[in-house]
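Visitor: A predicted structure for the sequence below; I have some questions about it.
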Amino acid sequence: MLRGVALPALVELLKELYVDAAKAEFGDKATQSRISVATGLHRKDVRRLLEAAPAPDHAPKRVSMAARVMGVWLGRDDTVDEAGVPKPLPFAAPAGEPSFALLVESVSRDVRPRAVLDDWIARGLLVQQEDGLVALHESALAPGADLERMVWYFGRNLRDHVEASAANLRGTDTPRLDGAVFYDGLTPKSVSRLRKMADEVGARALARLNKEALAAATQDDGAADATQRITFGIYWFDASQASTDGDGE
């Protein structure tokens, strides 16, 4: 078990990803037998996954709320400093001025801002300062800050990456961005330096695209053809060569 996530749950997720990728590739010609042969999954698993209720496209409500509010907080010019770091905010403020309540209400009016505030403080995502302002805790933006959120996005990101790679392999549409930089024979010191650089470059790229996407989503809200979604992701991996030498030539 890894942080409360048992191996069978991850295996089930991978099965879903394989079936989804095969369905996307074969389109109307996707049959249980064809998917089974292509993925290596037993036909009974393929049938079960095809007959199951489709997985929701949207995150669980609490996960979605956190991600969307953080996205707005990081995407507005008046809620970040010159370096793009989210500013501490008052819970409430006069009309037109930024506040935590305003961010929550910009995402949903079905949830009370005070309830979100209390929930985030309890989960360690938010800190209430002595001056009364509320600030995002450093861990709120770090991987693993919230297990429920991390597990959901693990599945979402993995599924979208598989779909993007499969689309590139099919060569049936515009190639999706899908690249990586990889080196071996590095010292721990070099890895540490490169990881710090990757963190900085990645954070800037995510912040910039988030800001542009937030503006686009605001502009497109209510449009008849506003039916598309995007995922732009970044990841880092490092390990001893001894632990991965058997992975390839």
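Guide: Thanks, I have the structure now.

Visitor: next, Leu126: phi, psi?
Guide: Backbone torsions of Leu126, given as degrees, to the nearest 10, read phi -130, psi 150.

Visitor: could you measure from it over to Gly132?
Guide: 13 Å (CB to CB, to the nearest Å). (C-beta placed from N, C-alpha, C; glycine too.)

Visitor: those two: which is more packed in?
Guide: Leu126 (19 against 9; other CB atoms under 10 Å).

Visitor: quick one: contacts for the more buried one?
Guide: By CB atoms under 8 Å, 6 or more residues apart in numbering, the contact set of Leu126 is Leu117, Trp120, Val134, Ala135, Leu136, His137, Ala140.

Visitor: dump the residue contacts of the second one.
Guide: Trp120 sits next to Ala66, Leu126, Ala140 when contact means CB under 8 Å, 6+ apart.

Visitor: and the first one, by the same measure?
Guide: Residues touching Leu117, when contacts are defined by CB under 8 Å, 6+ apart, comprise Phe91, Phe100, Leu126, Val134.

Visitor: let's have the contacts of Leu126 in TSV, adding secondary structure, distance to Leu50 and pLDDT.
Guide: TSV is the format used below for the contacts of Leu126 (DSSP: H, G, I helix; E, B strand; the rest coil; distance: CB to CB, whole Å; pLDDT from 0 to 100):
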residue	secondary structure	distance to Leu50	pLDDT
Leu117	helix	42	93
Trp120	helix	38	88
Val134	strand	46	94
Ala135	strand	47	93
Leu136	strand	41	88
His137	coil	42	84
Ala140	helix	38	70
